[in-house]
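Engineer: sequence plus predicted model, see below.
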Amino acid sequence: RQLIVPTDPTAPPVVFHYIPWFGSAAYYGMDPYKFMFECRDKYGDVFTFILLGRRMTVALGPKGNNLSLGGKVSHVSAEDAYTHLTTPVFGKGVVYDCPNDMLMQQKKFIKHGLTTEALQSYASLMPAECHGYFNNELKITKANPGPKTVDVLHVMAELIVLTASRTLQGKEVRENMSIRFAKLLEDLDKGFTPLNFMFPNLPLPSYRRRDLAQKEMSDFYMSIMAKRRTGEHDHEPDMIQALQGSVYRNGTPLSDRDIAHMMIALTMAGQHTSSATSSWFLLHLAHDQDIQKRLYEEQVEYFGNPDGTFRPMTYEDTKKLPLMDSCIRETLRLHAPIHSIYRKVLQPIVVPQSLAAPSEDKAYVIPKGNFIVAAPGVSQMDPKIWDDAPRWNPLRWLVDGGIAKTANEQYQAGEKVDYGFGAVSKGTESPYQPFGAGRHRCIGEQFAYLQLTLVVGEVVRNYKLTAAQREFPKTNYQTMIVLPLDPKITFEARV
Ligand code: HEM
């Protein structure tokens, strides 16, 4: 392998490849982290690789994350990077199919469905969904304790969709879950793959099914809103209710169709990220009996009744569990569901010399038309930043038995930010960003933490988990979300 010297001396180095248009597609696609760590060793923190004709400039480390995620809206664009993938799935007029300023307002509207009161109400509804699933679908109960080996990704995908649909999505979606909704979701999923990202329109049946599913799903939400208006449907507070009546700053109301499309977008944003995270979490518990035992003991300490049963967790409770919180943070550190975050470069970006430079008197410039790629997972697994970086060790987040201050808290208090302890999230320049950073940062973090805490809490209260395979599962990078490959766990009811 050798370095191809780019014609422009200020352009970042280009990763060597044999086939011009194809570039590094195979290596990056198979294992993006291995590819990026290797390229970093060869070329430094900033380099360009070719991906099926696209020029992708990767900027690594906290400073690299900042360059992309903290980039000005005039310089970097998420909508130009994603709209061809997302608009056929979410629908028109929302998220990346509208100017960035409208997306920012849509994110504010969504926050109305994620208030403390809403989260409190969601917390009260989730455990019943888990118990129903344990008894009726998983069928491992005290009377029939197993052991039973399951595909944990399948189990968690079902638990996540059930708990999200009962709460955020609303009663009507939950009632239709077993009938049509799940099938539509599957067809949408199959239209939300790396293939769709690279080739937005191919004459394949999965593309056609994606389009049909989008329309049917959108119409379904429209019918829910129409029925609610006639008073035909009663419901608890949910996201549809929160979005109805929202008005853009220019006075334009959010239409029912916009709401339908935003609901689809939220489903797609939350479903795989959370089911992947909870699956990795349970896999680590199955492989680490000591942490599993401590996590069970935490549930007993905080919620155990003298008769061996547990009291339900409230939303406030879910925020006070040091070990549970640390396990989630640590799982997201090693298994950030999104390995690459893309932006299209609209204006040339000058790379700060402290990050990477071709010479002392020159800075790299990322040309307009390239994509800029942030990979927070690289800094989250960087042995230069984390002690024993590859090891899943939730205890690294605990200080004196409590959760360490976040880096933001330390930073605000004028204290030194110590990497390795505390949720290091100093704005857009941070080595820990599983939820992204900057204007496109995730707004589902609190909901995700609530859902993960409740769902995994219910699993740990009810089951002992053991690894069904000696080897920890490998990672599947062939999907948009980083998933475990063939992840089997043995469940046995606690009696
Ligand atoms: C954005 C991760 C759950 C809704 C993001 C981004 C990341 C992320 C990395 C930034 C994307 C970018 O900059 O291009 C995660 C993880 C989750 C999770 C790790 C769970 C473990 C959720 C949930 C929801 C949600 C449950 C909805 C309830 C969103 C939205 C955006 C977003 C609306 C904003 C997109 C934008 O502004 O471009 N998420 N997410 N996410 N996420 Fe999440």
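Structural biologist: Sure, I can see it.
Engineer: and residue 69, how far is that from the ligand?
Structural biologist: For residue 69, the distance to the ligand (C-beta to the nearest ligand atom, to the nearest Å) stands at 6 Å. All C-beta spots, glycine's among them, are computed from the backbone N, C-alpha and C.
Engineer: my error: substitute residue 482 in the last question.
Structural biologist: In terms of C-beta to the nearest ligand atom, residue 482 sits 10 Å off from the ligand.
Engineer: run a quick neighbour tally on that residue.
Structural biologist: Using other C-beta atoms under 10 Å, the number of residues around residue 482 comes to 23.
Engineer: for it, give me phi and psi.
Structural biologist: Per-residue torsions, residue 482: phi -70, psi 110 (degrees, to the nearest 10).
Engineer: how about the residues of this structure by the ligand?
Structural biologist: Contacts of the chain with the ligand, taken as C-beta under 6 Å from any ligand atom, map to 78, 103, 107, 266, 269-270, 273-274, 277, 332, 337-338, 341, 434-436, 440, 442-444, 447-448.
Engineer: which of those residues fall within strands?
Structural biologist: residue 341 (DSSP state E).
Engineer: thought residue 54 was touching residue 371?
Structural biologist: Yes. The criterion here is C-beta atoms under 8 Å, and residue 54 meets it with residue 371 at 5.9 Å.
Engineer: tell me which of the two has more neighbours.
Structural biologist: More crowded of residue 54 and residue 371, by other C-beta under 10 Å: residue 371, with 21 against 17.
Engineer: what residues does the more buried one make contact with?
Structural biologist: 54, 55, 56, 57, 81, 342, 343, 344, 345 (C-beta atoms under 8 Å, 6 or more residues apart in numbering).
Engineer: can you list the residues you listed in a markdown table and add secondary structure?
Structural biologist: Below are those laid out as a markdown table (DSSP: H, G, I helix; E, B strand; the rest coil):
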| residue | secondary structure |
| --- | --- |
| 54 | strand |
| 55 | strand |
| 56 | strand |
| 57 | strand |
| 81 | helix |
| 342 | strand |
| 343 | strand |
| 344 | strand |
| 345 | strand |
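Engineer: what number of residues lie near residue 238?
Structural biologist: The tally of other residues near residue 238 (other C-beta under 10 Å) stands at 25.
Engineer: next one: residue 134
Structural biologist: By the measure other C-beta under 10 Å, the count of residues near residue 134 is 20.
Engineer: pLDDT wise, what is it at?
Structural biologist: With respect to pLDDT, residue 134 scores 95.
Engineer: please report how far it lies from residue 146.
Structural biologist: In this view, residue 134 and residue 146 are 11 Å apart by C-beta to C-beta, to the nearest Å.
Engineer: now do the shared contacts for the two.
Structural biologist: With C-beta under 8 Å, 6+ apart as the test, residue 134 and residue 146 both reach residue 140.
Engineer: what ranges does the stretch 251-400 of the chain have for its helices?
Structural biologist: For the stretch 251-400 of the chain, helices defined by DSSP state H, counting those that start in this stretch occupy the ranges 256-287, 289-303, 315-318, 322-334, 376-380.
Engineer: make CSV from the ones you listed and add mean pLDDT and mean neighbour count to it.
Structural biologist: Shown next, in CSV, are the helices of the stretch 251-400 of the chain (pLDDT from 0 to 100; neighbours: other C-beta atoms under 10 Å):
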stretch, mean pLDDT, mean neighbour count
helix 256-287, 97, 24
helix 289-303, 97, 16
helix 315-318, 93, 17
helix 322-334, 94, 23
helix 376-380, 94, 25
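Engineer: make CSV from those helices and add distance to residue 68 to it.
Structural biologist: Listed next are the helices of the stretch 251-400 of the chain as CSV, based on distance: least, C-beta to C-beta, whole Å:
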stretch, distance to residue 68
helix 256-287, 19
helix 289-303, 34
helix 315-318, 32
helix 322-334, 19
helix 376-380, 10
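Engineer: from residue 122, how far off is the one residue in the stretch 151-300 of the chain that gets nearest to the ligand?
Structural biologist: Closest contact between the stretch 151-300 of the chain and the ligand, by C-beta to the nearest ligand atom, is at residue 270 (2.9 Å). Residue 270 is 12 Å from residue 122, where distance means C-beta to C-beta.
Engineer: mind listing the shared neighbours of those two?
Structural biologist: 168, 447.
Engineer: ignoring the adjacent residues along the chain, who's closest to whichever residue of the stretch 351-495 of the chain sits closest to the ligand?
Structural biologist: Among the residues of the stretch 351-495 of the chain, residue 444 lies closest to the ligand, at 2.1 Å counting by C-beta to the nearest ligand atom. Excluding the flanking residues, the one nearest residue 444 by C-beta to C-beta, 6 or more residues apart in numbering is residue 270, at 5.3 Å.
Engineer: list the contacts of the one you found.
Structural biologist: 160, 164, 168, 444, 447, 448.
Engineer: most centrally placed residue in the chain?
Structural biologist: What sits nearest the mean C-alpha location of the chain, by C-alpha atoms, centre = their mean, is residue 273, with 3.7 Å.
Engineer: quick check, pLDDT for the nearest residue to that residue once chain neighbours are set aside.
Structural biologist: Nearest non-adjacent residue to residue 273, counting by C-beta to C-beta, 6+ apart: residue 337, 4.3 Å away. For residue 337, the model assigns a pLDDT of 97.
Engineer: would you confirm that residue 337 contacts residue 442?
Structural biologist: No. Residue 337 is beyond contact range of residue 442, at 10.3 Å (criterion: C-beta under 8 Å).
Engineer: which one's more surrounded, the two?
Structural biologist: The neighbour count for residue 337 versus residue 442, taken as other C-beta under 10 Å, is higher for residue 337 (21 against 18).
Engineer: residues in contact with that one?
Structural biologist: So residue 337 contacts 272, 273, 276, 277, 434, 481, 482 (C-beta under 8 Å, 6+ apart).
Engineer: what does residue 287 give?
Structural biologist: By C-beta under 8 Å, 6+ apart, the contact list for residue 287 reads 467, 472.
Engineer: same thing with residue 94?
Structural biologist: For residue 94, the contacting residues are 102, 103, 106, 258, 261, 262, 265, by C-beta under 8 Å, 6+ apart.
Engineer: hmm, 7 Å instead?
Structural biologist: Listed by C-beta atoms under 7 Å, 6 or more residues apart in numbering, the contact set of residue 94 reads 106, 258, 261, 262, 265.
Engineer: can I get those in JSON lines with distance to residue 155?
Structural biologist: What follows is the contacts of residue 94, written out as JSON lines (distance: C-beta to C-beta, whole Å):
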{"residue": "106", "distance to residue 155": "32"}
{"residue": "258", "distance to residue 155": "34"}
{"residue": "261", "distance to residue 155": "29"}
{"residue": "262", "distance to residue 155": "28"}
{"residue": "265", "distance to residue 155": "25"}
